[in-house]
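**Student:** Provided below are the primary sequence and the corresponding predicted coordinates.
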Amino acid sequence: MPRAKKSASCFVVGDAGRLPFVSSVFDFVLFTEVIEHLPDPSEGLSEIRRCLSAKGRALITTPNMAEPLRFVLYTILGPLQRSLGLDFMNVFKSSFLGIYGILTKDIHKEHVALKYGIPEHFNCFSVKRLQKLCLKAGLEPVRVDHSLHHQLLFPIATLANSYGQLLPLCFKLSRLLPKQFSTIFAIVCMKTSPYP
């Protein structure tokens, strides 16, 4: 029986806007929960395209702008803070998420980031906005999926950690809610023609 070849793996730290890899080298790129942290997301998408092989695929996941809590944070409070240049908006957002976290017994990383002034998310995307950015970068979206996870169900999901019998209820309710309001969505992309 022939021996299986050992596959080499390594851990590389690099800039998402200037990936330290040659062009057209990867058949698959997983870009999960990264794009919202980039000041210029188009640079990251262009680098994904450059590194993908001709028939390669990229899977990009990101928080969903249509999710009700994020919609309030990013469409109302965010622009107000930028236009007024007021730091107290971070305190307000942090307090809002803090109260929500206490009620749901869930600590959000965004809450911690806002509390300590860490620039957590530079962007929050709708499906259409991210699809347009992908196309502009030379990546054609071929599939969009939404998670079954909804922030609206956090109180039940949190209780389900202690009371397992609530978990089926959580899944049933998540299927009743519109998928467009999911907490996270994923886009699968491929290179657009012609392949450089």
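**Tutor:** Ah, there it is.

**Student:** all helices of this structure, in order?
**Tutor:** Applying DSSP state H to the chain gives helices spanning 41-51, 68-72, 78-84, 88-104, 109-115, 127-136, 154-162, 167-176.

**Student:** Low-confidence bits of this structure, can you list those?
**Tutor:** For the chain, residues meeting the criterion pLDDT under 70 lie at 1-7, 77-120, 150-152, 154-158, 160, 194-196.

**Student:** Sort out which residues of the longest strand along it are buried, please.
**Tutor:** Longest strand in the chain by number of residues, with DSSP state E as the criterion: strand 52-63. Within strand 52-63, the residues that qualify as buried are 52, 56-58, 60-63, counting by 16 or more other Cβ atoms under 10 Å. Using the backbone N, CA and C atoms, a C-beta is placed for each residue, glycine as well.

**Student:** Next: stretch 131-146.
**Tutor:** For stretch 131-146, burial by neighbour count (16+ other Cβ under 10 Å) applies to 131, 133-134, 137-139, 141, 146.

**Student:** just stretch 169-181 next, same as before
**Tutor:** Neighbour counts using 16+ other Cβ under 10 Å place 170, 174, 179, 181 of stretch 169-181 among the buried residues.

**Student:** I'd like the buried residues of strand 52-63 as CSV, with distance to Phe28 appended.
**Tutor:** Shown next, in CSV, are the buried residues of strand 52-63 (distance: Cβ to Cβ, whole Å):
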residue, distance to Phe28
Leu52, 8
Gly56, 6
Arg57, 6
Ala58, 7
Ile60, 12
Thr61, 14
Thr62, 18
Pro63, 22
